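Chemist: need a 3D model of the following:
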Amino acid sequence: MSDSNKPPIWFWIVSVLLLLWNLSGVYSYLNTKFNQIEILESMTQPQREIFESIPAWATAMFAIAVFSGTIASVGLLFRKKWAHTLFMVSLIAAIAQFINWLFIQNAAEAFGSSAYTMPIIVTVIGIFQIFFAKKGIQKGWLA
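Modeler: Next up is the predicted model:
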């Protein structure tokens, strides 16, 4: 690759921030899996019932979303264009999980309007990640 395809410093800064964001998702997933008792103790009974009834497929979507997003972020740091594909997988899996959370389980009844906060943030950042990787491909920063 020539120097003209060398990413600017802001590319590296954004890529590291996206890695940290996705690692926080991995932490959240692992915390949900390994600290269920503490999580359940902090919830009201309606919240607990929703949390305990999350279907296995939705949990799998959560795992796919956070791990594919993290791997994609590492791909950005290695300047790999497959990061774009994994960011799309991550967003699709996250949206599937949110459909369950918000519309099938109707979490807003138990959690209130805060049930929408993370789905909105995650979706916006997920869309940004896809466009960021696409821009990197277009500029020749990812190969």
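
Chemist: report the longest helix in the protein, please.
Modeler: What stands out as the longest helix in the chain, according to DSSP state H, is helix 9-34.

Chemist: okay, now residue 109: neighbour count?
Modeler: Using other C-beta atoms under 10 Å, residue 109 is surrounded by 11 other residues. Any C-beta I mention is one placed from the backbone N, CA and C, and that applies to glycine too.

Chemist: pull out the buried positions in the strand or helix carrying it.
Modeler: Assigned by DSSP states H and E, residue 109 falls within helix 108-111. Within helix 108-111, the residues that qualify as buried are 110-111, counting by 16 or more other C-beta atoms under 10 Å.

Chemist: and the pLDDT at the closest residue to residue 18 other than its chain neighbours?
Modeler: Distances taken as C-beta to C-beta, 6 or more residues apart in numbering place residue 73 nearest to residue 18, at 4.8 Å, with adjacent residues excluded. Reading off the confidence values, residue 73 has pLDDT 98.
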